[in-house]
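Asker: below is the sequence, then the predicted model.
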Amino acid sequence: MSSLLNSLTTELRRGTLTLAVLSQLRKPQYGYSLVQLLEQAGIHIDQSTLYPLLRRLEKQELVTSSWDTSESRPRKYYVLSDFGVETFLQLKKEWMENSNQLLALLKGDEEDEDGFN
């Protein structure tokens, strides 16, 4: 992959990762469980990307965190705040509208592809 394409792909993924993470935090998750959920959905996210994103979401008050020390290995759990749920639902709606519009454009592009009309 060319460096330009790689850069554009990274840019495209950046916003989708935020939405993907928010979508999985309606129930409390710790970092590794979140990585696993996303991987099962076909979305790869490095821990070096995930943890700074979680900290940013917490700073923006979209996510809250708490430590569970009941097991031998303490885990930090993250979950959407009420504000986070509200924001996620608005972002999801926006994403669905944008995706449908873009899909219509891309389908039209496929029809013209062989003739470049």
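Answerer: Cool, got the structure.
Asker: average pLDDT for stretch 106-117?
Answerer: For stretch 106-117, the mean per-residue pLDDT is 67.
Asker: cool, stretch 44-57 as well?
Answerer: pLDDT averaged over stretch 44-57 gives 94.
Asker: what's that stretch in contact with?
Answerer: By Cβ atoms under 8 Å, 6 or more residues apart in numbering, the surrounding residues in contact with stretch 44-57 are 17-18, 20-22, 31, 34-35, 38-39, 63, 65, 78, 84. Quick note: C-beta positions are derived from backbone N, CA and C, even for glycine.
Asker: which positions in it come out as buried?
Answerer: 45, 50, 53-54, 57 (16 or more other Cβ atoms under 10 Å).
Asker: with stretch 73-86 instead?
Answerer: Within stretch 73-86, judged by 16+ other Cβ under 10 Å, the buried ones are 75, 77-78, 80-81, 84.
Asker: chain center to that stretch: distance?
Answerer: 15 Å (Cα atoms, centre = their mean, to the nearest Å).
Asker: can you show me the CA trace of it as CSV?
Answerer: Taking Å, rounded to 0.1, in the frame of the first residue of the first chain, the C-alpha atoms of stretch 73-86 are listed here in CSV:
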residue,chain,number,x,y,z
ARG,A,73,-5.7,-8.9,38.7
PRO,A,74,-7.3,-5.4,39.0
ARG,A,75,-9.1,-4.2,35.9
LYS,A,76,-10.2,-0.8,34.9
TYR,A,77,-13.7,-0.9,33.4
TYR,A,78,-15.1,1.8,31.1
VAL,A,79,-18.7,2.5,30.4
LEU,A,80,-20.7,5.2,28.6
SER,A,81,-21.9,8.1,30.9
ASP,A,82,-25.4,9.4,30.4
PHE,A,83,-24.0,12.1,28.2
GLY,A,84,-22.0,9.5,26.4
VAL,A,85,-25.1,7.5,25.6
GLU,A,86,-26.9,10.6,24.3
